[in-house]
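Asks: Could you work out the structure for the sequence below:
(chains A and B, ligands or ions: 1)
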Amino acid sequence: MNLLPGPDDELAVTHARPVLDAHFGADAWAERLRTGIAVPDPVVADLTAAVRTARSAPQAVVVALELGRTLAPVETLGALIVPEGRVALAVPRAGGGTFRFGAEVPDAVVVWRSDGVGRAAPEPGDPVDGVDPTTPMWRCPSDDAVPLGPEIALRARAVGAGYLAGLAHGALDLAVGHARTRIQFDRPIGANQAIKHRLADAATRAEAARATALYAATALAEGDADDGFWVAAAARVAADAADANARAAIQVHGGRGYTLDCPAHLFLGRARIVCALLGGVPGIRAGLTEAAPSPSDPDAISGCARR
Amino acid sequence: MDLAQSPADRAFRADLRAWLTEHAPPPMPRAVGPDLRARDLAWQRSLHEAGYAGINWPVEFGGRGLSLARQMIWFEETARAGISHVNSLFVGVSHAGPTIITCGTEAQKARWLPPILRGEAIWCQGFSEPEAGSDLASLQTRAVRDGDDLVVNGVKIWTSFAQVADHQEMLVRTDPDAPKHRGITWLVCDMDQPGIEIRPIRTLVRESHFCEVHYHDVRVPIENVVGEIDDGWRVARATLAYEHGVANLGQQIRLARTVERVAEAAEARDCDAATWARIADARADVASLRAMTALMISRIARQDLPGPEGSLVKLRYGEVSQLVHTLGVDVLGSDGLEFVPDDDTLVHGYLASLAATIGGGTSEIQRDIVAERLLGLPR
Ligand SMILES: Cc1cc2nc3c(=O)[nH]c(=O)nc-3n(C[C@H](O)[C@H](O)[C@H](O)COP(=O)(O)OP(=O)(O)OC[C@H]3O[C@@H](n4cnc5c(N)ncnc54)[C@H](O)[C@@H]3O)c2cc1C
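Replies: Take a look at the predicted model:
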């Protein structure tokens, strides 16, 4: 057993590293929030090309973790699902149609539905102010899509879970950095137990989310009989971690945390979007119940009954 | 990355599973006494004879010399077979033994390790004192050198299974004038000697699982000191690393089984959607424990001692365990009011889960460890 990603698992991360280091991460976003300059299209294109080199499920999830940690555009996840040009992501709305995230004129659209993911042709959409001000969002009239099949659907969910787990890590790092340097009462705020314990809990959630995402990716790669359960578990744990850690990061930043200039809210907004793509918390829970062992099975143990 | 699915791993798992169906130990006696001692030792003996003891211990001391991943499979399969390892064998197998492997002399290893695996000795842990719990380094039990012996006086408390133990891993103060982390010594005290008085304490699950132990002029030979005199804190750090790190490997499988039993109870009682939502979350939380454990043992395979990451697993285990068992008694409703002295019941598990955030270092202390050693926040 080994859950530490090796060089092969990190293939796409290695390709993406130069772009991520140069253009993403909380510091780069802080600068962008201050200046109002958007991410240039060629940068997104470069990153997308690097991300697309991921083949195996571990390669895809490991790069998704890194995309979340560095606050890369949500749309780059599309390159791990449909490997063509710029892919936008969309989620059906209760009243019909979709909300779409990504470029105004993408090459393809992946629609995330409760019964799987589908592929749709791009249609014109109306711009919407979204929960995350740095993720372009569009209201589109149709939610028609051609199903991509259960295997790709599972991979898409695993990738979403990986991105959420990455967000949980990035939010933790941002909060820890601030807690070490912000001085109040003549000492760093991180010397206080209330802050320490909040961040220790955040670290525990981030570790749980990362570990479960890596486990799910490995289960997928090995064709484990329980891979559906593991992907659902990874999504549930990561959705919780991403949301709670983003909130912790905002709280630890005090008044700054409530401003649009502080990158903490980017973790929150992206967490809301990706959680919604995965079906929201109720949808993720439904997946957990479906994939669980039947209670009447005397051997029933979620995630290891059939090994 | 891989999930212990190599053909050799699979074969090990299959053989062990088959062996366990034929050789399950007798049920645990309720009381902590001679029957429990005999049962635990006999179980350990049969494990050893079958080659299922000390999976990742060195071969020269009776172990199998296999990977920690195999040890994990062992924990999973024993838990799956419903066999609890949280009993009197725990200290010897899970942290006293590993500490001696890491810090003991060759003579000490040869003397103490094989009997642990062969089912000839039970160990207990005398670290905590009435006035030294979380602040363990403030311990006051004194040991004074007298010829080739240390003479021990003082009180230890919360010593699990002291009533049935042969040896105790023990922390004593040998230099009262040194800074508190300095003058401490880690030694092995034999429990069957004059001057030791054991007073069992009743716990939330009724049985006297742990004890208060008094020492009046108890003589411990110098050769029982592991590490150097006054350098026991370093050795204790190793013990605590094992205790926080790898000691709970198998518990999460037990917890996963508990969740499925709760689901069964919820189905029988036609529970509402809110309860099913909690069950779904509990499934995911327990799965995350398994994944965290796998990640942790992957890290340990690359280093000598478990690192502070063990505290992440311990923290989450404590929380998830209480969450799952609270859910369990909520589902049972008024049926959850009857206490049955059987550790397989949800009510028993509910009460026992309250220790999960206290024993082996409280969750508050684990959070301090994570914040200071892992996140680098100021002390
Ligand atoms: C089931 C069980 C089995 C045990 N078995 C053994 C055993 O075999 N051998 C052994 O040596 N010990 C054993 N223990 C003892 C255990 O290690 C101690 O109970 C534990 O370390 C806490 O110490 P304490 O009980 O003195 O509580 P205290 O240290 O007095 O703590 C009381 C409360 O204050 C909090 N607190 C203390 N210090 C701080 C701080 N700095 N910051 C924030 N909060 C703080 C604690 O978290 C706790 O909530 C066992 C305990 C249990 C429950």
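Asks: hey, let's count contacts and neighbours off CA atoms from now on
Replies: Fine.
Asks: Which parts of the stretch 1-150 of chain A are helices?
Replies: Under the criterion DSSP state H, counting those that start in this stretch, the stretch 1-150 of chain A contains helices at A:11-23, A:26-35, A:41-51, A:57-69, A:150-181.
Asks: angle of the first one against helix A:26-35?
Replies: When you say that, I think you mean helix A:11-23. Calculated by axes from the mean of the first three to the mean of the last three Cα atoms, to 10 degrees, helix A:11-23 forms an angle of 40 degrees with helix A:26-35.
Asks: Counting by contacts, list what helix A:11-23 packs against.
Replies: helix A:41-51, helix A:57-69 (3 or more Cα pairs under 8 Å, 6 or more residues apart in numbering or on different chains; DSSP states H and E).
Asks: possible to save those helices as CSV with mean neighbour count and mean pLDDT?
Replies: Formatted as CSV, the helices and strands packed on helix A:11-23 follow (neighbours: other Cα atoms under 10 Å in any protein chain shown; pLDDT from 0 to 100):
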stretch, mean neighbour count, mean pLDDT
helix A:41-51, 18, 96
helix A:57-69, 29, 98
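Asks: right, and those - which one's nearest residue B:89?
Replies: helix A:57-69 (38.4 Å; Cα to Cα).
Asks: Next up, the contacts around the residue nearest to residue B:41 when sequence neighbours are not counted.
Replies: Among residues not flanking residue B:41 along the chain, residue B:119 sits closest, at 4.6 Å (Cα to Cα, 6 or more residues apart in numbering or on different chains). Residues near residue B:119 by Cα atoms under 8 Å, 6 or more residues apart in numbering or on different chains: B:40, B:41, B:42, B:43, B:44, B:45, B:48.
Asks: count of neighbours near the fourth one?
Replies: By that I understand residue B:43. Counted with other Cα atoms under 10 Å in any protein chain shown, the neighbours of residue B:43 add up to 19.
Asks: Against chain A, how distant is it?
Replies: Separation of residue B:43 from chain A (Cα to the nearest Cα, to the nearest Å) stands at 23 Å.
Asks: secondary structure class for that residue?
Replies: Judged by DSSP: H, G, I helix; E, B strand; the rest coil, the three-state class of residue B:43 is helix.
Asks: Roughly how far does it sit from residue B:80?
Replies: Distance of residue B:43 to residue B:80, given as Cα to Cα, to the nearest Å: 17 Å.
Asks: Kindly report the same for the third one.
Replies: With the distance defined as Cα to Cα, residue B:42 ends up 20 Å from residue B:80.
Asks: Quick check: pLDDT value at the residue nearest to residue B:41.
Replies: Per-residue confidence for residue B:119 comes out at a pLDDT of 96.
Asks: And what about it, helix, strand or coil?
Replies: coil.
Asks: Can I get the helices and strands packed on helix A:11-23 in CSV including distance to residue B:290?
Replies: Shown next, in CSV, are those (distance: least, Cα to Cα, whole Å):
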stretch, distance to residue B:290
helix A:41-51, 29
helix A:57-69, 18
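Asks: tally of neighbours for whichever residue of chain A sits closest to the ligand?
Replies: Residue of chain A nearest the ligand, by Cα to the nearest ligand atom: residue A:193 (7.3 Å). For residue A:193, the count of nearby residues is 16 (other Cα under 10 Å).
Asks: before we move on, what about residue B:60?
Replies: The local packing of residue B:60 (other Cα under 10 Å) involves 12 other residues.
Asks: Identify the residues contacting residue B:65.
Replies: B:54, B:55, B:56, B:57, B:58, B:59 are the contacts of residue B:65 under Cα under 8 Å, 6+ apart.
Asks: could you dump the helices and strands packed on helix A:11-23 to a markdown table with distance to the ligand?
Replies: Listed next are these as a markdown table, based on distance: least, Cα to the nearest ligand atom, whole Å:
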| stretch | distance to the ligand |
| --- | --- |
| helix A:41-51 | 44 |
| helix A:57-69 | 30 |
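Asks: Could you export those as a markdown table, including distance to chain B?
Replies: Below are those laid out as a markdown table (distance: least, Cα to the nearest Cα, whole Å):
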| stretch | distance to chain B |
| --- | --- |
| helix A:41-51 | 19 |
| helix A:57-69 | 8 |
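Asks: Could you provide the helices of the stretch 1-150 of chain A in TSV, with additional columns for distance to residue A:127?
Replies: Shown next, in TSV, are the helices of the stretch 1-150 of chain A (distance: least, Cα to Cα, whole Å):
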stretch	distance to residue A:127
helix A:11-23	25
helix A:26-35	20
helix A:41-51	18
helix A:57-69	24
helix A:150-181	24
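Asks: Quick one: closest of the ones you listed to residue A:253.
Replies: Distance to residue A:253, taken as Cα to Cα, is lowest for helix A:150-181 among the helices of the stretch 1-150 of chain A, at 6.9 Å.
Asks: Quick check: next helix or strand after the helix or strand where residue A:268 lies?
Replies: Residue A:268 is located in helix A:264-277, with elements delineated by DSSP states H and E. Beyond helix A:264-277 in the direction of the C-terminus, DSSP H and E gives the next helix or strand as helix A:280-291.
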